[in-house]
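1. 3D, please:
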Amino acid sequence: MIDFKHNIYIEILKKRACYYPPFIISIIGSYLRLSFYLQNRSLWADEAKLALNIIELPIIKLIFSPLRYEQVAPFGFLLIEKVSLFLLGSSELSLRLWPLIFSIASIFLLWKMLILLKTEFYTKIIILSLFSFAPYLIRFSSELKQYSVDVFACLIIIYTSIHYIENRKMNKALFLGAVLLITPLFSHAAVFLLPGCILSIIFHKGFKKDLIKDKEFRLILIMATIGFILFGLFTIRNSSSTYEFMGDYWENGFLIFPPQNKTHIIHNIIILLNLLAHPFALPGYNQILLGLVTLVIGSAFLLRHNLKYAILLLTPIIMLFFASALRLYPIGGEPTIIAGRLVLFTHPILSIIIGFGCFNRWMNIRSITRIFGLIAAILIVFFTFSRIPEYTEISLLNVRQAVIYLQDNIEPDDDVYTTGLIWSPVKYYLYRYGMHDFQSLGYDIPFGHAERTSWLIHYYGDTEMAFSSAQILGTIEEHTEFDAVGIFKISPP
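-> Residues are numbered from 1 along each chain as shown. Next comes the predicted model:
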């Protein structure tokens, strides 16, 4: 008689059954990111501005001087992008390669962390699904911005913190200390994780009076402090005008503290709800409320059953609120599809908490709470997955195609002008295709007749203004459109 309960083959099948679904989810998430990357879309305005900094500035100025064009980025990210520029050239795929690598690596790092936490199978599936299929994470996995690095930095700090707490050894302390020192150089958002990491270790060690004499803790604390100081030194390199611009641009994204009236309270509530809505791309307040309920349940479970990890996960969110109230870091504010990019680093934290809110050891397997958890998990993952096409559609801002057309038709003495939103992509692609030596490249269109043939590249939202400017410059010979981008060819009157 075969004892199926203890049969070794049955045990192997059980292990494989637990392994394959997370692996498949991780592979699908990686495929979605890679396929979006291979679309090879034209750079949009902010990407092009950062690309111009990487291309135009020597490495010393890139690291130690303020960036141009109202851009802010951690020096470590700029450094690896500069290396990529030297090795692989200035193409879109080259410049977007590092964000893709960090985004895909984040999926497998999260999976490894959930194994380390000995997370229940269904909880693991929910968390990995929320993370792998997140529209925001997929979109910014292939953009020349540091937000994918922010997510990876968040995960590597949490992972190494858990690894040290579970295996208290000097080599683990040294590795964690190195992570806390290095990550703030690659991610501004990493500083929000530092206090939670230190506090969770203090709690784990028991608030001893002589804790500072603990060699491992002292090493971690010193390296984290150095990391924070280096973050401050490299961040103050940014000019005051850049900070003023960022403050004005993100005006509606800061928490108002203390709130003075009902309008301020409503503003703060909306901001806090957007913290949940943006990373998961939840479409409406009913879905946000569902996510909020699971978030509260998950937080309560962690606070009751695993306080040290609750501190590790919740402290960064609290620090974010403080920074926003002090107008140091915006949470949201833009009424656009990319509004949540600055808080993208919170996504893995929120995914983990929501996952525990849907399935945890609190819930009896046959109880109504388990049924609620199952329904909530299915709905949240469905809402998130269903919005992937909206966030990953091919951009109509086809500046690259417009500049290629210009390259085939322009003469060396012609002037080139552009308007509004697309001046930075135009400048990038003129450099990319070797057309940066023209006699004139203007962003302020002159109010007078052109002396030679001119080309005016414009965004479709600026068509009326561009048409009026073209008529002032001279006689419009032709107008060619490339999706959301158009080109006027103008001859002197």
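
2. find the nearest non-adjacent residue to Phe301, please.
-> Counting by CB to CB, 6 or more residues apart in numbering, Phe301 lies nearest to Asn360, which is 4.6 Å off, once chain neighbours are set aside. C-beta coordinates here come from the backbone N, C-alpha and C atoms, glycine included.

3. so the one you found: helix, strand or coil?
-> With DSSP: H, G, I helix; E, B strand; the rest coil as the basis, Asn360 sits in coil.

4. ok, Val179 - contacts?
-> Ile156, Ile157, Thr160 (CB atoms under 8 Å, 6 or more residues apart in numbering).

5. residues of the helix or strand where it lies that come out buried?
-> Here Val179, judged by DSSP states H and E, is contained in helix 170-186. For helix 170-186, burial by neighbour count (16 or more other CB atoms under 10 Å) applies to Lys172, Ala173, Leu176, Gly177, Val179, Leu180, Leu181, Ile182, Thr183, Pro184, Leu185, Phe186.

6. would a markdown table of the residues you listed with pLDDT be doable?
-> Shown next, in a markdown table, are those (pLDDT from 0 to 100):
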| residue | pLDDT |
| --- | --- |
| Lys172 | 88 |
| Ala173 | 89 |
| Leu176 | 94 |
| Gly177 | 94 |
| Val179 | 95 |
| Leu180 | 95 |
| Leu181 | 95 |
| Ile182 | 94 |
| Thr183 | 95 |
| Pro184 | 94 |
| Leu185 | 92 |
| Phe186 | 94 |
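
7. want to try TSV for these, with distance to Ala310 as columns?
-> Shown next, in TSV, are the buried residues of helix 170-186 (distance: CB to CB, whole Å):
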residue	distance to Ala310
Lys172	21
Ala173	22
Leu176	19
Gly177	23
Val179	21
Leu180	20
Leu181	25
Ile182	26
Thr183	21
Pro184	23
Leu185	28
Phe186	26
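
8. nearest to Tyr433 among those?
-> Using CB to CB, Phe186 comes nearest to Tyr433 of the buried residues of helix 170-186, at 30.9 Å.

9. wait, that closest one sits on Tyr147?
-> No. Phe186 is beyond contact range of Tyr147, at 11.9 Å (criterion: CB atoms under 8 Å).

10. where does pLDDT dip in the stretch 351-493 of the chain?
-> 361-370, 394-396, 436-450 (pLDDT under 70).

11. all strands of it, in order?
-> 415-418, 441-442, 454-459, 475-482, 485-491 (DSSP state E, counting those that start in this stretch).

12. nearest to Gly284, of the ones you listed?
-> Gly284 lies closest, by CB to CB, to one member of these: strand 454-459, at 30.0 Å.

13. and that closest one, how far out from the chain middle?
-> Here strand 454-459 is found 32 Å from its chain centre; the criterion is CA atoms, centre = their mean, to the nearest Å.

14. how about the helices in the stretch 301-450 of the chain?
-> 307-325, 347-358, 368-386, 388-391, 399-409, 423-432 (DSSP state H, counting those that start in this stretch).

15. count of neighbours near the residue nearest to Trp455 when sequence neighbours are not counted?
-> Excluding its sequence neighbours, the residue lying closest to Trp455 (CB to CB, 6+ apart) is Val416, at 5.1 Å. Neighbour count of Val416, defined by other CB atoms under 10 Å: 21.

16. ok, Val416 to Lys489 distance?
-> Noted for Val416: a distance of 11 Å to Lys489, by CB to CB, to the nearest Å.

17. where do the contact lists of the two overlap?
-> Shared contacts of Val416 and Lys489, counting by CB under 8 Å, 6+ apart, come down to Ser454, Trp455.

18. how is this protein carved up into domains?
-> Taking automatic domain parsing as the reference, the chain has its domains at 18-391, 399-491.

19. dump the contacts of Val179 to TSV, plus secondary structure.
-> Shown next, in TSV, are the contacts of Val179 (three-state DSSP):
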residue	secondary structure
Ile156	helix
Ile157	helix
Thr160	helix
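
20. export these to JSON lines and append columns for pLDDT.
-> Below are these laid out as JSON lines (pLDDT from 0 to 100):
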{"residue": "Ile156", "pLDDT": "96"}
{"residue": "Ile157", "pLDDT": "96"}
{"residue": "Thr160", "pLDDT": "95"}
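
21. how about these in JSON lines, adding distance to Ala45 and neighbour count?
-> Conversion of the contacts of Val179 to JSON lines gives the following (distance: CB to CB, whole Å; neighbours: other CB atoms under 10 Å):
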{"residue": "Ile156", "distance to Ala45": "30", "neighbour count": "24"}
{"residue": "Ile157", "distance to Ala45": "31", "neighbour count": "26"}
{"residue": "Thr160", "distance to Ala45": "36", "neighbour count": "22"}
